[in-house]
Each structure stands twice: as C-alpha cells, then as structure tokens.
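> Would you be able to build a 3D model of this:
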Amino acid sequence: MFAGSGSISREVVVEHLVNIARELEAIIVAVNNTFDQDSLPRAEVVDKLFRQDLALSKERIERSVAQLLLYIASGRIELVDSKELILRLTEGYRDIVARIEAFIHRIKLAEMAGAVPDQKILGDMKEMLKLIAEASGHVTTLARLAGRVMGNHEVARMMESRNDKVQEVERLVDELYREILETLIHSAGDFKNYILVRDAVDMLEEAMDLLSKLSLNYFILGVGMASTSTGGGGTAYEM
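Predicted coordinates for the structure are as follows:
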C-alpha cells in the first residue's frame, strides 16, 4: 500500500488516523455514558453533550481529516489505491459522527415530545450503544496496528482478528435492532412515539454498519501493507 512513500509518510498518515479513531471512540463512549437504560436523557443533558464532548471531538476530527487530506494532496503518497482507501476511511469516520449526532438529536426530540419507550427498548438501545462503543475500540486498535503492519503478516492476522470481532458485534447489533422494531410494533402508544424511537435506533444501526465497513477497509489496508516489504518486495498475505 504505502510502498515507495517512505516510513515517515506512513507514520504521518497512521498518526492522523489514530487521532481520528480515538476522537470517534470518545464521542461514542460519551453518548453511551449519557444514555440511561431506565429513561431517555433529559434535553438539557443532551444539549450539554452537544456543546462539550461532541463539539470538541468533532472539531478535532475535522482538523485531523483536513491535515491528512492536505498531506495526501501534497503528493507524498504516490499510489492511487492508497489515496482512495484513505479517503474512504476519512469519509467513513465523518459519516459515523453524523449518525451518532443524528441519534442524540432524535433522542432529544423524543424526550421533548414526551415519548416513553418500553423498558425493554431502552435496555436494548443501551446495549446497542455498549456494543458500538466496543466496536469503535476495535477500530481504534486497527488504526494503531496499521502503523506496524508493513511487511508483517503476524500483525495483519491481528488486524484480521479485530475485524472479525467487529463483524460479530455488527451481527449482535442487528439482532438487537430487529428486536427493538418488533417490540415497538407492540408497545408504541402512538404513531409519534413509534416514529421518534424508530428514527433514533435507525441511526444507531447505520452507525454500526459504517463501523463494520470502516473495519473492513482497515483490514484491506493491512493485507496490502503486509504483502509489501519495506524494501518494496514481499509475498502475498496468507488468509
């Protein structure tokens, strides 16, 4: 992947990706900590989350993305496929932040509208958030491992294992999502309650799907880099 660009270029790219991953993880953990499985968070609590944790981490993500794209645009990384993959990673992070932001905004609207979700739904939503936070942690590890994978098949296999864990988390989140929809059909007191809660869990499910794709892109990156030796040669990664 980064063949011919030098270790310094690789290190700069990985550093930015790790910084972005850590900020995304911080956002998801903050949302998870705010969400109580017994009731929806109050509107003022959500507003505080928007103003502080989310706004600060989002600003840092955008700054790191801008610096990374500027670095790529300078021509220091020459392979087109590497550039395209890095662009997919940065866009993936932005899309996930947008879904998490949309989720907490919908939760605020639901609370303001007086929606009272079933206790099982609240518990399942909390579990979805915990699983998404877990998947985000795996993705942060994948970003770190990308800094060690050049010509190293052992690290590539570690990345494969992390990706497998993310895909398993996605399966669990999908199961919870389907359970919530089934419970909503039977427990929603009115159409407004159904729509507000449904819109919120839709955002969580989409965020997890995007995390899954992000993880897969890191695995693809790892396979390519492991198959390239520091001297430009190397053998194919063995699955």
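> Grab the most central residue of the chain for me.
In the chain, the residue lying closest to the centroid (C-alpha atoms, centre = their mean) is Leu211, at 4.0 Å.
> give me the element that residue is part of.
Using DSSP states H and E, Leu211 sits within helix 191-226.
> Give me the helices and strands touching that helix, please.
helix 80-112, helix 119-145, helix 153-187 (3 or more C-beta pairs under 8 Å, 6 or more residues apart in numbering; DSSP states H and E). Backbone N, C-alpha and C define where each C-beta goes, glycine included.
> Mind telling me which of those the model trusts least?
Sorting these by mean pLDDT places helix 80-112 lowest, at a mean of 88.
> sec struct for Gly114, please.
Assigned with DSSP: H, G, I helix; E, B strand; the rest coil, Gly114 falls in the coil class.
> give the contact list for it.
Residues near Gly114 by C-beta atoms under 8 Å, 6 or more residues apart in numbering: none.
> ok, now Glu101?
Phe50, Leu54, Lys58.
> out of those residues, which are inside helices?
If you go by DSSP state H, these have Lys58 in helices.
> Now restrict the contacts of Glu101 to buried residues only.
Among the contacts of Glu101, those classed as buried by 16 or more other C-beta atoms under 10 Å are Leu54, Lys58.
> Switch the helices and strands packed on helix 191-226 over to a markdown table; also include distance to Glu23.
Formatted as a markdown table, the helices and strands packed on helix 191-226 follow (distance: least, C-beta to C-beta, whole Å):
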| stretch | distance to Glu23 |
| --- | --- |
| helix 80-112 | 9 |
| helix 119-145 | 10 |
| helix 153-187 | 18 |
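> you'd agree Leu109 is up against Leu196?
Yes - using C-beta atoms under 8 Å, Leu109 is in contact with Leu196, at 6.1 Å.
> So which of those two has more stuff around it?
Leu196 (21 against 16; other C-beta atoms under 10 Å).
> Tell me who's in contact with the nearest residue to that one once chain neighbours are set aside.
The spatial neighbour of Leu196 that comes closest, neighbours along the chain excluded (C-beta to C-beta, 6 or more residues apart in numbering), is Ala110 at 3.9 Å. By C-beta under 8 Å, 6+ apart, the contact set of Ala110 is Leu40, Pro117, Asn193, Leu196, Val197, Ala200.
> Spatially nearest residue to Glu11, not counting backbone neighbours?
Closest to Glu11 by C-beta to C-beta, 6+ apart is Gly147, at 6.7 Å.
> ok, the one you found - how many residues close by?
Gly147, neighbours per other C-beta under 10 Å, totals 17.
> Would you agree it is in contact with His16?
No - contact between Gly147 and His16 fails when scored by C-beta under 8 Å: they sit 11.0 Å apart.
> Looking at stretch 51-62 now, give me its mean pLDDT.
Mean pLDDT, stretch 51-62: 90.
> CA atoms only for it, dumped as CSV, please.
Output in CSV follows, covering the C-alpha atoms of stretch 51-62 (Å, rounded to 0.1, in the frame of the first residue of the first chain):
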residue,chain,number,x,y,z
ARG,A,51,-21.8,21.7,23.3
GLN,A,52,-19.0,19.9,25.1
ASP,A,53,-17.9,16.3,24.3
LEU,A,54,-19.4,16.1,20.8
ALA,A,55,-18.5,19.5,19.6
LEU,A,56,-14.9,19.3,20.8
SER,A,57,-14.2,15.8,19.4
LYS,A,58,-15.9,16.7,16.1
GLU,A,59,-13.7,19.7,15.8
ARG,A,60,-10.6,17.6,16.4
ILE,A,61,-11.7,15.0,13.9
GLU,A,62,-12.3,17.6,11.2
